[in-house]
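Chemist: Below are the sequence and a predicted model for it; my questions follow.
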Amino acid sequence: MAGWIQAQQLQGDALRQMQVLYGQHFPIEVRHYLAQWIESQPWDAIDLDNPQDRAQATQLLEGLVQELQKKAEHQVGEDGFLLKIKLGHYATQLQNTYDRCPMELVRCIRHILYNEQRLVREANNVSGTSPVGSLADAMSQKHLQINQTFEELRLVTQDTENELKKLQQTQEYFIIQYQESLRVQAQFAGLAQLNPQERLSRETALQQKQVSLEAWLQREAQTLQQYRVELAEKHQKTLQLLRKQQTIILDDELIQWKRRQQLAGNGGPPEGSLDVLQSWCEKLAEIIWQNRQQIRRAEHLCQQLPIPGPVEEMLAEVNATITDIISALVTSTFIIEKQPPQVLKTQTKFAATVRLLVGGKLNVHMNPPQVKATIISEQQAKSLLKNENTRNECSGEILNNCCVMEYHQATGTLSAHFRNMSLKRIKRADRRGAESVTEEKFTVLFESQFSVGSNELVFQVKTLSLPVVVIVHGSQDHNATATVLWDNAFAEPGRVPFAVPDKVLWPQLCEALNMKFKAEVQSNRGLTKENLVFLAQKLFNSSTSHLEDYNGMSVSWSQFNRENLPGWNYTFWQWFDGVMEVLKKHHKPHWNDGAILGFVNKQQAHDLLINKPDGTFLLRFSDSEIGGITIAWKFDSPDRNLWNLKPFTTRDFSIRSLADRLGDLSYLIYVFPDRPKDEVFSKYYTPVLAKAVDGYVKPQIKQVVPDGEGTRGMPAPSDLPLALSPSPDPVLDQDGEFDLDETMDVARHVEELLRRPMDSLDPRLSPPAGLFTAARGSLS
């Protein structure tokens, strides 16, 4: 309820803006009497584009109606009688309004709550003592300037309206006097019928009147011309200010929003609501339309009473200018609110939302236009922006690619929601050189046509999505994501589709990688300076350990994801993407806990562990396995004192978690640098299942390491389940790593045998004598 209490403190224009949020679609009385209930509901948890959330929206509608009915029933006394009737009426009204479209109620209330919070925040910032430069969100210094300019535009538009009315009144009086002059001239013809004396007297009076009228008409004609010129000059100044304001909103604020939307595709913060931008664009549309109507009325006055002079040319110029301004506004505010996925798989459903920010203000919704979506190639997009005739070419077939725009009265938005599009087929261009299919970029073109002002102006609007990479198999996803990441991160404003630099500085790539990493792993623990040094060493095949030494170095696209890293069979991106995938799927909590050091190589692990007590271990990302995690631990033996376990991959962690594997290995005692293992991992151990009573033996898979290999002095293998007698182990490689690949199949075979009832076990199905010998050392 705190939000409503603050909203009630608003004053002046902020209070008026808040009142405008309410109406028959959602009465302000409902907000007042159900404030606490409204603010406690999960409005933001509902996905308005997901039909499966309709049931939850219906529950919220029913809850709202029930709360209103309860509140109405509790009203007693004389004062409560009218309120009881009113609240009951509102309950019925809301039920009837949103019964068939409960999602619209959610959209409406979210819109109201968001704008209430914005108005309160703006009011608090204005009244606070903090400097203007530190104002939050919408009330930054630039936004304040925009609002001040709108107030100036409102005043000058009102001034030209008053001047136009003054001109019209002056011209109407001029026409009356001009008609009087014509009447006087006509009276001269009737003088011949009078006697000479009377004719002379009458003629003298008419001549004096005619001279006076002609002199007055001549003066007033000059005055009218002056009024017309002054009005046209004022309109010229208004249009200059309008164009400047529109440039700030469309070329700065809207472009920045689109850039944020692009970076959000790389995991950056959400681009934010369009409500503030829409309110600005609607104000622009309203002021532009008012001035356009004024200019047309001025033209009509000139046609009604032609007076030679420069006004006709001036009016023609301002009319052309304001038409250009409104055309730019309409075409620029036809935008993609929700982008289609940038890695687009054929035969897979996808969605997108297109919005016209000025649709409500220009009454476009009175005849809702249809929007069509097609997929075009990079070359076709270039031709489109050059206004070359592409003959409606496309590069594929999208199913369910037409949608009628819908107007949401509660929020004032006009948008088209494509919910069930599917790319049926794709037509690829001839590739250049070493370019692969996952480097080829397409875009979804959305286009529509509509008229405004009683068909006075007809607009054909088009907008392109962010570049998309089309794949036909999930195995292409990783390389396609690399193309999208590079494009989103390094695209420049106003580029030719879809040009990006072939080389970027290492710090630029670091920023993009960190943004993507935090988003994919869903962690606030990003890449540290040490992590970035490790990545730079890997990418540049360097041993330099100072990050500053890499700041001036460039990274090419080929280095990033076309050429394999020296000595390995994968690219830099493929290795980095594998790290993100294994963390995202299996190790998010461990990464957030700081339990995974990760970005260290084998030599660095040696240097970190060499002076630590026996049993100290660390977890690092494998160099040899994409998405692999290696356990390195300290244990002195006659042969060596540092050991590395063969990397685990996603497949391994799907069978037994990292925490359980570490829990199985009793000689791993401290997580580097000195944290007790159980303190870090015990909360993630899988609970031991109770003994079965249905005739089945519950199988267990446990991690063990061969006796004598990095474990001498630790519990004997005979103390561990299914451990085997020590002997030279064939899976120990020369670098002290243990290969689990062969033993995994054996373990699964043992597990399958143990699942069968003991009384039904066929002796003939017993594993051969050498089976367990082959399995020893990894899992049992």
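Modeler: Structure's in. What do you need?

Chemist: Return the set of buried residues in stretch 248-256.
Modeler: By neighbour count on 16 or more other CB atoms under 10 Å, the buried set for stretch 248-256 is 248-250, 253-254. Every C-beta, even on glycine, is put in place using the N, C-alpha and C of the backbone.

Chemist: Could you give the separation of that stretch from the chain centroid?
Modeler: 16 Å (CA atoms, centre = their mean, to the nearest Å).

Chemist: Let me see the residues that make contact with that stretch.
Modeler: With CB atoms under 8 Å, 6 or more residues apart in numbering as the test, stretch 248-256 has contacts from 142, 146, 149, 277, 280-281, 284, 328-329, 332-333, 335, 493.

Chemist: Put the buried members of the residues you listed into a ChimeraX selection.
Modeler: To isolate the buried ones among those in ChimeraX, judged by 16+ other CB under 10 Å, type:
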select :146,149,277,280,281,284,328,329,332,333,335
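
Chemist: which of the contacts of stretch 248-256 lies closest to residue 394?
Modeler: The shortest gap between residue 394 and any of the contacts of stretch 248-256 belongs to residue 335, at 21.1 Å (CB to CB).

Chemist: what is that closest one paired to in the beta sheet?
Modeler: residue 355 (DSSP bridges).

Chemist: got it, and residue 349?
Modeler: Going by DSSP bridges, residue 349 forms beta bridges with residue 422.

Chemist: Please report how far it lies from residue 108.
Modeler: 28 Å (CB to CB, to the nearest Å).

Chemist: So the two - more neighbours on which side?
Modeler: With other CB atoms under 10 Å as the criterion, residue 349 and residue 108 differ in neighbour count, and residue 108 comes out ahead with 22 against 12.

Chemist: residues contacting the more buried one?
Modeler: 25-26, 408, 410-411.

Chemist: among those residues, which are in strands?
Modeler: residue 408 (DSSP state E).

Chemist: Give me the secondary structure label for residue 443.
Modeler: What DSSP: H, G, I helix; E, B strand; the rest coil gives for residue 443 is strand.

Chemist: That one: how many residues sit nearby?
Modeler: With other CB under 10 Å as criterion, residue 443 counts 24.

Chemist: go on, residue 100?
Modeler: 7.

Chemist: I'd assumed it was in a strand, is it?
Modeler: No. With three-state DSSP as the criterion, residue 100 is assigned coil and is not in a strand.

Chemist: So for it, what pLDDT did the model give?
Modeler: Residue 100 is assigned a predicted lDDT (pLDDT) of 85.

Chemist: Now do it against residue 49, distance only.
Modeler: For residue 100, the distance to residue 49 - CB to CB - is 18 Å.

Chemist: go on, residue 516?
Modeler: Distance from residue 516 to residue 49, by CB to CB: 24 Å.

Chemist: Those two - which one has more neighbours?
Modeler: residue 516 (22 against 14).

Chemist: I'd say that one and residue 267 touch.
Modeler: Yes. Between residue 516 and residue 267 there is a contact under CB atoms under 8 Å: 4.8 Å.

Chemist: Can you give me the neighbour number for residue 600?
Modeler: 21.

Chemist: ok, and the closest non-adjacent residue to it?
Modeler: In space, and not counting its chain neighbours, residue 600 is closest to residue 620: 4.8 Å by CB to CB, 6 or more residues apart in numbering.

Chemist: isn't there a strand covering the one you found?
Modeler: Yes. Counting by three-state DSSP, residue 620 is part of a strand.
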